[in-house]
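S.K.: Provide a 3D model corresponding to the input given below.
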Amino acid sequence: MSLERYQTDPGHTFVTFEVKHALTSTVRGRFDEVQGSIELDAATHRGRADVTIDTGSISTGTPKFDAHLRSDAFFDAEHHPQARFVGTGFRYEGDKLAALDGELTLLGRTHPVTLRSTSFNCYHSAHLNQDVCGGDFEATILRSQWGMTWGLEIGIPDSVKLLIEIEAIKQA
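M.R.: Sure, this is the predicted structure:
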């Protein structure tokens, strides 16, 4: 197996989420601090993705709401400053990456998560003069699996859509 190592590009890597607010409008937010690496063997379609999210970097555009999300009611960023996804199950359909199976650790709990690929591509960046791989991935999780239950009794949905847009630069 010939693994090539890639480091995430912070200017092209974003983790966002969507959740319904009282089953009416969609609330969106993102994490401003995300870092990670990808190891990929293109010939065997095997590899590993490791993405770490700074939970305190959450941003919805509303500072009071951000503080509430950082509190122990949701991400408890003081005691759990990071969330981490480690993916080892690269699933291809032909030559197209279809999904990445892995584990998400959040609030000190780890559960399996499958990220579906909506796009994935590797190319040579003329701007960087380096090879780059990246794509868009998504999953829907139940936040209660990780112990995030605040508001369930008043109708705040359990279901959260995660969107991960990632680009990573090949390392020498």
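
S.K.: where's Glu165, which helix or strand?
M.R.: Using DSSP states H and E, Glu165 sits in strand 159-170.

S.K.: Residues contacting that strand, please?
M.R.: With C-beta atoms under 8 Å, 6 or more residues apart in numbering as the test, strand 159-170 has contacts from 4-9, 12-20, 36-38, 51, 85, 113, 115, 125, 128, 130-143. (C-beta placed from N, C-alpha, C; glycine too.)

S.K.: Rounded mean pLDDT for that strand, please.
M.R.: The average pLDDT for strand 159-170 rounds to 97.

S.K.: Mind listing what's buried along that strand?
M.R.: 160, 162-170 (16 or more other C-beta atoms under 10 Å).

S.K.: Tell me which residues touch Ala98, please.
M.R.: Counted by C-beta under 8 Å, 6+ apart, Ala98 has contacts 91-92, 116-117.

S.K.: if we go to 6 Å?
M.R.: 91, 117 (C-beta atoms under 6 Å, 6 or more residues apart in numbering).

S.K.: Wait, a strand at it?
M.R.: Yes. According to DSSP: H, G, I helix; E, B strand; the rest coil, the state of Ala98 is that of a strand.

S.K.: Distance of it relative to Gly29?
M.R.: 27 Å (C-beta to C-beta, to the nearest Å).

S.K.: Next: Ala77.
M.R.: For Ala77, the distance to Gly29 - C-beta to C-beta - is 13 Å.

S.K.: before we move on, what about Ala49?
M.R.: 22 Å.

S.K.: would you list every one of the strands in this protein?
M.R.: 4-8, 14-21, 25-31, 34-41, 46-54, 58-59, 82-93, 96-106, 109-125, 130-142, 159-170 (DSSP state E).

S.K.: could you dump stretch 126-144 to CSV, C-alpha only?
M.R.: The C-alpha trace of stretch 126-144 is given here as CSV (Å, rounded to 0.1, in the frame of the first residue of the first chain):
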residue,chain,number,x,y,z
ALA,A,126,-1.4,25.5,-10.6
HIS,A,127,-1.7,28.2,-8.0
LEU,A,128,0.0,26.1,-5.3
ASN,A,129,2.1,23.9,-7.7
GLN,A,130,1.0,21.0,-5.5
ASP,A,131,-1.5,18.1,-5.7
VAL,A,132,-4.8,18.7,-3.9
CYS,A,133,-7.7,16.3,-3.0
GLY,A,134,-11.0,17.4,-1.6
GLY,A,135,-14.7,17.2,-1.7
ASP,A,136,-18.0,17.7,0.0
PHE,A,137,-19.4,15.2,2.5
GLU,A,138,-22.6,15.0,4.6
ALA,A,139,-24.3,13.0,7.3
THR,A,140,-27.3,13.3,9.5
ILE,A,141,-26.8,12.4,13.1
LEU,A,142,-28.9,12.3,16.2
ARG,A,143,-27.3,14.6,18.7
SER,A,144,-28.7,12.7,21.6
